[in-house]
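Student: Got a predicted structure here, sequence first:
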Amino acid sequence: MATDAPPPSKEQHKLPSPEEFSEVQESAEFGELRRSYRSFAFPLTVAFIAWYLLYVLLSNYAGGLMGTKLFGNINVAFVLGVAQFVTTFLIAWWYSKHAAAKLDPKAEAIKSRMEGGA
Amino acid sequence: MSTAQQTLLAANEASEHRPLIITLFALFVLATLGITIWAGRQTKDAADFYAGGRQFSAFQNGLAVSGDYMSAASFLGIAGAIALFGYDGFLYSIGFLVAWLVALLLVAEPLRNSGRYTMGDVLAYRMRQRPVRTAAGTSTIVVSIFYLLAQMAGAGVLVSLLLGITSDAGKILIVALVGILMIVYVSIGGMKGTTWVQMVKAVLLIGGTLLITFLVLLKFNFNISDLLGTAAENSGKGAAFLEPGLQYGATGTSKLDFISLGIALVLGTAGLPHILIRFYTVPNAKAARKSVNWAIGIIGAFYLMTIALGFGAAALISQDEIIASNPSGNTAAPLLALHLGGVDSAWGAILLATISAVAFATILAVVAGLTLASSSSFAHDIYANVIRKGQASGAEEVRAARWATVFIGVISIGLGALARDLNVAGLVALAFAVAASANLPTILYSLFWKRFTTQGALWSIYGGLIVAVGLVLFSPVVSGDPKAMFPEVDFAWFPLKNPGIISIPFGFLMGWLGTVLSKEEPDVKKYAELEVRSLTGTGAH
């Protein structure tokens, strides 16, 4: 079914055939890339959404705790709010570090082989 | 002196310096029109019009993403919400920022790798093209129009404060002017022009906000505790002003509304079409990731500064004056600028004019981004792939996109004239809820769930869209509330102002249900293609 080629793209990339895509998808190398991405991104997404929802719920139902003053007029609510900013910056940095070290080299290798080799 | 007199004085002060304000507005408009014409000359094919030729650097795009995202709701709405309700206004800032992690971790890179011009490219990738593209185009246009309404309402509020235009005809004229400008920006400049306008705006907005933040902190010797204490005292609400609950803590229903808003904010961003298409303007997925990181840094810094803006306004201006100027607090930031400079001084008027011009620039840039997203989706998803069944040439697509721009511009001028008195931040939160209900489930299922089918995609998009918009229609935003669109009538049987808590899970549920109940088999080969492309960038345009 090599005639069943996808429409040519505007830029002159040679797009591999559907069979090649299926082959690569089932390969151990791609499986490794997928695992490396999903096992990092999925739990982390669940974690930061849970942490954010915890903050929303505390704001709603734990007024006493949130209003506790820590120093001067700075209370727990304020510190937790700023903490959401800090964790957002940290998670963005952490994911980017993981992607550069673990994902990019694997993705790059598969891409160059598929575009160049076939 | 009574507060009413003070407000009058402030308004007079502004009116004396009206020529200055108008000059600054005109300068921004002229500069951006120049950019647009320059960009228009370089826009030759479809990739230029839709994606700015994909040649922007990660930093440039990060700046433009920030310019696209920090809307009138962020600048005017959040500052106002904090100024009036203290801590509860802060939730907007936090939700709007944390939401970027969903875009970073799950959406930006796969989207850049597997799509070309629109959100519909990714949604329809392994599905039957025509029905899914029709659905994606419909939800893109609905979400963008909700968002546009908020910006139009913001423009009306701002300009009526600054130029003293209070007549309905005057406000409608301003809305029409904004609409015509956006038609010009987008139809001539395409993505390239829009991107540059957004970059210029982001720099102006960050600069203006930094200046005001610095001046606020200077007043309090950089002691944040003092700033918060003075704000609490001056607000007349004491310590409660610094704790959650002033706006949403009253009843069980309002607490539920707070959760609903929180969910909509955090899940909405990654489903906003005008944000998603920005990732196509960079050469590859790595650059898309880097531009999200820049955006998180810039947007995060900006939202941290909204704390100083909002509490600064509460500390330095009386609540009565803020409310007298705009009942929703939308003008707190410009008023703060006036007070920081000194109500009776030229310096105060100059600051007011500068901050107002920045807010105006903010609105124009976001409006241009939204118009581009909806006209691109109309031209690429609906015209080229549904009506012409993929047979349209690039030049024909771009022509269709330009006409769609004019059409959407005219529609939003009409709707904007109707919505000119609505609450800005609330309207944007609705757009987030609709995006999170109709778009996000299908994006995630498409990218990560092997069994997902066309029927699942359609049920999820239309289900999420209809329930989200339907619940808004029967909510206190539209009727049965003094601040509603139609305050005289009451058909608000849904008690929450934000539908997210129901409509977002519903969108996800329908995607799952539509898939498990479908008779067709999922296209396994197409999914292999999509998955490999989305993770590796093979064959990316």
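Tutor: Everything's here; your move. In this text, all values refer to a predicted model and were calculated from it rather than measured experimentally.

Student: residues contacting the residue in the stretch 201-350 of chain B that chain A sits nearest to?
Tutor: Here the stretch 201-350 of chain B gets closest to chain A at one residue, B:S225, 3.0 Å apart by C-beta to the nearest C-beta. Heads up, the C-betas are built off the backbone N, CA and C, glycines and all. Residues near B:S225 by C-beta atoms under 8 Å, 6 or more residues apart in numbering or on different chains: A:71-74.

Student: isn't there a strand covering it?
Tutor: No: assessed with DSSP: H, G, I helix; E, B strand; the rest coil, B:S225 is helix; it does not lie in a strand.

Student: For it, which non-adjacent residue is closest in space?
Tutor: Excluding its sequence neighbours, the residue lying closest to B:S225 (C-beta to C-beta, 6 or more residues apart in numbering or on different chains) is A:G72, at 3.0 Å.

Student: ok, that neighbour - contacts?
Tutor: Going by C-beta under 8 Å, 6+ apart, A:G72 touches B:223, B:225-226, B:228-229.

Student: And B:N498, by the same measure?
Tutor: Contacts for B:N498 (C-beta under 8 Å, 6+ apart) come out as B:257, B:260-261, B:264, B:429-430, B:433.

Student: so which helix or strand takes in the spatially most central residue of chain A?
Tutor: The centroid of chain A falls nearest to A:A41 when counting by C-alpha atoms, centre = their mean (4.1 Å). Secondary structure assigned from DSSP states H and E places A:A41 in helix A:28-61.

Student: After that helix, which helix or strand is next?
Tutor: Assignment by DSSP H and E places the next element after helix A:28-61 at helix A:63-67.

Student: Next, the buried residues of that following helix.
Tutor: Within helix A:63-67, the residues scored as buried using 16 or more other C-beta atoms under 10 Å in any protein chain shown are A:66-67.

Student: Could you do stretch B:405-415 as well?
Tutor: Buried residues in stretch B:405-415, counting neighbours by 16+ other C-beta under 10 Å, are found at B:405-406, B:408-409, B:412-413, B:415.

Student: pLDDT-wise, what's the bottom of those?
Tutor: Ranked by pLDDT, the buried residues of stretch B:405-415 bottom out at B:L415 (81).

Student: still on that earlier bit, can you list the helices and strands that the helix holding A:A41 packs against?
Tutor: On a contact count with 3 or more C-beta pairs under 8 Å, 6 or more residues apart in numbering or on different chains; DSSP states H and E, helix A:28-61 meets helix A:63-67, helix A:76-98, helix A:104-112, helix B:90-102, helix B:252-268, helix B:524-536.

Student: neighbours of A:R35, just the number please.
Tutor: 10 (other C-beta atoms under 10 Å in any protein chain shown).

Student: Give me the distance from the longest helix along chain B to the chain's centre.
Tutor: Secondary structure of chain B read by DSSP state H shows that its longest helix is helix B:168-219. Distance of helix B:168-219 from its chain centroid, counting by C-alpha atoms, centre = their mean, to the nearest Å, is 12 Å.

Student: which residues of the chain score low on pLDDT?
Tutor: This is for chain A. Residue ranges of chain A with pLDDT under 70: A:1-14, A:117-118.

Student: sorry, should have said chain B
Tutor: B:1-17, B:420-426.

Student: contacting residues around the residue nearest to the centre of chain A?
Tutor: Here A:A41 is in contact with A:95, B:105-106 (C-beta under 8 Å, 6+ apart).

Student: 10 Å instead, please
Tutor: The contact partners of A:A41, by C-beta atoms under 10 Å, 6 or more residues apart in numbering or on different chains, come to A:95, A:98-99, A:103, B:101, B:104-106, B:109, B:448.

Student: Any of those buried? List them.
Tutor: Applying 16+ other C-beta under 10 Å to the contacts of A:A41, the neighbour count classes A:95, A:98-99, A:103, B:101, B:104-106, B:109, B:448 as buried.

Student: Would you check which pair of these lies furthest apart?
Tutor: Largest separation among the buried ones among the contacts of A:A41 by C-beta to C-beta: A:H98 and B:F448, giving 17.8 Å.

Student: Mind putting the helices and strands packed on helix A:28-61 into TSV with distance to B:D68?
Tutor: Compiled in TSV, these are given as follows (distance: least, C-beta to C-beta, whole Å):
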stretch	distance to B:D68
helix A:63-67	33
helix A:76-98	18
helix A:104-112	26
helix B:90-102	12
helix B:252-268	14
helix B:524-536	23
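
Student: which one of the ones you listed lies closest to B:A468?
Tutor: Across the helices and strands packed on helix A:28-61, closest to B:A468 is helix B:252-268 (C-beta to C-beta), at 9.0 Å.

Student: Okay, angle between that closest one and helix A:28-61 too, please.
Tutor: Per axes from the mean of the first three to the mean of the last three C-alpha atoms, to 10 degrees, the angle that helix B:252-268 makes with helix A:28-61 is 150 degrees.

Student: And the very next helix or strand once past helix B:252-268, what does it pack against?
Tutor: Counting by DSSP H and E, the element after helix B:252-268 in chain order, helix or strand, is helix B:273-276. With contacts taken as 3 or more C-beta pairs under 10 Å, 6 or more residues apart in numbering or on different chains; DSSP states H and E, helix B:273-276 sits against helix B:58-69, helix B:108-114, helix B:119-123, helix B:129-163, helix B:346-377, helix B:424-438.

Student: For chain B, give me its nearest residue in chain A.
Tutor: A:G72 (3.0 Å).

Student: That residue and B:A240, how far apart?
Tutor: From A:G72 over to B:A240 the distance is 17 Å, taken as C-beta to C-beta, to the nearest Å.

Student: and what of A:T45?
Tutor: 34 Å.

Student: B:M70 too?
Tutor: Taking C-beta to C-beta, one finds B:M70 at 29 Å from B:A240.

Student: The two: which has the busier surroundings?
Tutor: Neighbours were counted for B:M70 and for B:A240 using other C-beta under 10 Å; B:M70 has more, 27 against 16.

Student: Just read off the phi/psi values of that one.
Tutor: For B:M70, the backbone dihedrals are phi -80, psi 90 (criterion: degrees, to the nearest 10).

Student: Who are the contact partners of it?
Tutor: B:78, B:96, B:198, B:201-202, B:205-206, B:209, B:295, B:298-299, B:302-303, B:306, B:362, B:365-366.

Student: Could you rerun that using 8 Å?
Tutor: With contact taken as C-beta under 8 Å, 6+ apart, B:M70 is in contact with B:202, B:205, B:299, B:302, B:362, B:366.

Student: What is the neighbour count of residue 59?
Tutor: You didn't pick a chain, so chain A it is. 27.

Student: please go with chain B instead
Tutor: The tally of other residues near B:F59 (other C-beta under 10 Å) stands at 16.

Student: contacting residues around it?
Tutor: B:290-291, B:294.

Student: can you put these in TSV and add distance to chain A, secondary structure and neighbour count?
Tutor: Output for those, formatted as TSV (distance: C-beta to the nearest C-beta, whole Å; DSSP: H, G, I helix; E, B strand; the rest coil; neighbours: other C-beta atoms under 10 Å in any protein chain shown):
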residue	distance to chain A	secondary structure	neighbour count
B:K290	8	helix	20
B:S291	12	helix	27
B:W294	10	helix	19
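
Student: Redo those as CSV? Include distance to B:D490.
Tutor: Putting the contacts of B:F59 into CSV (distance: C-beta to C-beta, whole Å) gives the following:
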residue, distance to B:D490
B:K290, 50
B:S291, 46
B:W294, 47
